[in-house]
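Asker: Quick one, what's the 3D model for this:
(one chain, ligands or ions: 1)
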Amino acid sequence: MNDNLHQLRCFGCGDRIAGSDARPDFRCAQCGDLFEVEYAGWSLRQGTNRPNPGALKWLWRERRCSSEALDQSGVWRFRELLPILENYGNAVTLREGNTPLYALTRAARSLGIDQLFAKHQGMNPTGSFKDTGMTAALSVAKERGFEWVACASTGNTSAAMAAYAARAGLRSLVLIPDGKIAWGKLAQAMDYGAVTCQLKTDFDGCVKVLAEIVRHEPIYLLNSVNPYRLEGQKTPAMEIAEALEWSVPDHLIVPGGNLANSSALGKGFRELKELGLVARMPRISVIQAEGANPLVRSFANRHGSELEPVEAHTRASAIRIGNPASWRKAVRVIQDTDGWCLDVTETEIAIAKAELGAEGLGCEPASAVTLAGLKKLRADEKVSAGETVVLLLTGHTLKDADYTIDFHRRTLLKEQEIAGHEAEIDGLRRNAFAVEANPTAVLAAMRGNAG
Ligand code: F0G
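Answerer: Numbers count the residues shown, from 1 in each chain. Presented below is the predicted three-dimensional model:
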């Protein structure tokens, strides 16, 4: 298992190419579809050629006690499952991964589910799940000698890329939609020294401009069309299985934007199963915001066979994406695992985010779609009480503090969005009070609002 024998396989036409032969836009020269990293013969390995699952599980656990940077990374700890580098000395790591799997006891109780967990990817070094993908793909960029890396982003990819590029001594170029990303994320790109361009377009427009640029300039593209990103982003599958003593949850619920993360996690669980490390795959469901739901529409209108881009509108700016690049991969994951694809309203997202917050787990609005989706699935009896469910929380609450403050000040949602949910929302709101600077006034405020 120490062989760097990966190749890239086109997801559309099945064409196989060497990793170093990929075009700068990572599109297949034959059919234009995306590639997937493939490790020849893993599923066919038999006898002594097959990795010993027990030995791997032991090794990965041992590495948690190691003082080596590579072992301390929750991505490279599993490096036998992502042999994409010639030389691990090129790995650029901020000790990403190894994120907590929290029990959500209150939400479980109110939903009548026995086992509900949140895998909090917002606890990564730059505060989002993008770090796991970035350590993988940026290390490849470094190994291949690039000086510049670039991405179009709704904010988190750019924050992660800028940080990892800075660590590696590479320059980074960020294209973001003007005025449409959360401040925390923009601040990160600036802090980590990226050249940040705010374009007067949306995320999908930024993607188009960047595709044009990388075709002509020696700049390494780090959007999730880059298949190495998904190799890093598949590792939470290993962490979740490990945390559950190598059983898998019944159901994993993931937010859907550009649809790479759901694809990556599906790949992770598929490979764990092929290699005999787990017995089955979880059901994987993808939740989108109602105003940015091209995949939901694709399932509703065309059984996932075609996707029509939409103009995306949602306050969950991370998933404000109308033309998701990895939609075919996500369709396969949902279909292979009997998952669901549904959307949730702005009100449902805001309430779910506040409920997670009230359990001590802050996250981005884009992450809260998972709990909002679970509530719907449970109401429709698509999730049973005995199932073990994991919600994938993708980003940290501090990324988008404005959203949270607006919710608690009652300035986030419009009156018509609040209608019918007043009691629920008021029960969750915790606005700050202006109080006289004396103990009596503070205690009165505390007692008056203890409920
Ligand atoms: N949640 C957060 C917090 C995100 O930042 C993103 C994507 C998603 C969910 C959706 O994941 O695209 O793999 O389906 N953010 C990207 C960015 C697009 O540029 O940061 P996906």
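Asker: outside of stretch 53-64, which residues touch it?
Answerer: With contact meaning C-beta atoms under 8 Å, 6 or more residues apart in numbering, stretch 53-64 is reached by 1, 71-72, 77-78, 80, 98, 238, 242, 246, 275-277. Quick note: C-beta positions are derived from backbone N, CA and C, even for glycine.
Asker: just the residues of the protein that are near the ligand, which are they?
Answerer: Residues of the chain lying close to the ligand (C-beta under 6 Å from any ligand atom) are 128, 130, 153-157, 224, 255-261, 318-319, 364, 366-367, 394-395.
Asker: Sort out which of those are in helices and list them.
Answerer: Judged by DSSP state H, those include 130, 156, 157, 260, 261, 366, 367 as members of helices.
Asker: Just the closest of these to residue 429, please.
Answerer: Closest approach to residue 429 among those (C-beta to C-beta): residue 367, at 19.7 Å.
Asker: The closest one is in contact with residue 255, isn't it?
Answerer: Yes: between residue 367 and residue 255 there is a contact under C-beta atoms under 8 Å: 6.2 Å.
Asker: Between those two, which contacts overlap?
Answerer: With C-beta under 8 Å, 6+ apart as the test, residue 367 and residue 255 both reach 392, 394.
Asker: Tell me the secondary structure at the nearest residue to residue 94 once chain neighbours are set aside.
Answerer: Leaving aside its sequence neighbours, residue 94 sits nearest to residue 125 (C-beta to C-beta, 6 or more residues apart in numbering; 4.0 Å). Recorded secondary structure, residue 125: coil (DSSP: H, G, I helix; E, B strand; the rest coil).
Asker: before we move on, back to that, which members of the contacts of stretch 53-64 are classed as buried?
Answerer: 1, 71, 72, 77, 78, 238, 242, 275, 277 (16 or more other C-beta atoms under 10 Å).
Asker: sec struct for the last one, please.
Answerer: Per three-state DSSP, the secondary structure class of residue 277 is coil.
Asker: list the contacts for residue 176?
Answerer: Residue 176 neighbours (C-beta under 8 Å, 6+ apart): 152, 153, 154, 155, 158, 186, 189, 196, 197, 198, 199, 206.
Asker: Looks like the last one contacts residue 157 (just checking).
Answerer: No: the pair residue 206 and residue 157 fails to qualify as a contact (C-beta under 8 Å) at a distance of 10.7 Å.
Asker: So the two - more neighbours on which side?
Answerer: residue 157 (28 against 25; other C-beta atoms under 10 Å).
Asker: So which of the contacts of stretch 53-64 is the closest to the ligand?
Answerer: residue 238 (17.9 Å; C-beta to the nearest ligand atom).
Asker: tell me the average confidence for stretch 29-42?
Answerer: On average, the pLDDT along stretch 29-42 is 92.
Asker: sorry, that was for stretch 11-23
Answerer: 96.
Asker: next one: that stretch to chain centre, how far?
Answerer: 24 Å (C-alpha atoms, centre = their mean, to the nearest Å).
Asker: Start at 47, not 1
Answerer: Happy to do that; since the first residue is 47 now, the last one works out to stretch 57-69.
Asker: Return the closest of the ones in helices among the residues of the chain next to the ligand with respect to residue 397.
Answerer: residue 413 (13.8 Å).
Asker: Please report how far that closest one lies from residue 291.
Answerer: 26 Å (C-beta to C-beta, to the nearest Å).
Asker: Comparing the two, which shows the higher neighbour count?
Answerer: Taking neighbours as other C-beta under 10 Å, residue 413 and residue 291 compare with residue 413 leading, 33 against 7.
Asker: Spatially, what comes nearest to the more buried one if we skip its sequence neighbours?
Answerer: Nearest to residue 413 is residue 439, by C-beta to C-beta, 6+ apart, at 4.1 Å.
Asker: show me what contacts that neighbour?
Answerer: 164, 165, 166, 167, 168, 402, 407, 409, 410, 413, 414, 416.
Asker: In JSON lines: these, plus pLDDT.
Answerer: Listed next are the contacts of residue 439 as JSON lines, based on pLDDT from 0 to 100:
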{"residue": "164", "pLDDT": "98"}
{"residue": "165", "pLDDT": "98"}
{"residue": "166", "pLDDT": "98"}
{"residue": "167", "pLDDT": "98"}
{"residue": "168", "pLDDT": "98"}
{"residue": "402", "pLDDT": "98"}
{"residue": "407", "pLDDT": "97"}
{"residue": "409", "pLDDT": "98"}
{"residue": "410", "pLDDT": "98"}
{"residue": "413", "pLDDT": "98"}
{"residue": "414", "pLDDT": "98"}
{"residue": "416", "pLDDT": "98"}
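Asker: Could you list the low-confidence segments of the stretch 47-196 of the chain?
Answerer: 47-50, 89-96 (pLDDT under 70).
Asker: Please enumerate the strands of it.
Answerer: Taking DSSP state E, counting those that start in this stretch as the criterion, the stretch 47-196 of the chain carries its strands at 52-56, 62-63, 81-85, 147-149, 161-166, 194-198.
Asker: Same question for the stretch 247-396 of the chain.
Answerer: Using DSSP E, counting those that start in this stretch, strands in the stretch 247-396 of the chain cover 265-267, 297-301, 329-335, 387-390.
Asker: any chance of these in JSON lines, plus distance to residue 215 and mean pLDDT?
Answerer: Converted to JSON lines, those look like this (distance: least, C-beta to C-beta, whole Å; pLDDT from 0 to 100):
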{"stretch": "strand 265-267", "distance to residue 215": "14", "mean pLDDT": "98"}
{"stretch": "strand 297-301", "distance to residue 215": "33", "mean pLDDT": "98"}
{"stretch": "strand 329-335", "distance to residue 215": "37", "mean pLDDT": "98"}
{"stretch": "strand 387-390", "distance to residue 215": "41", "mean pLDDT": "98"}
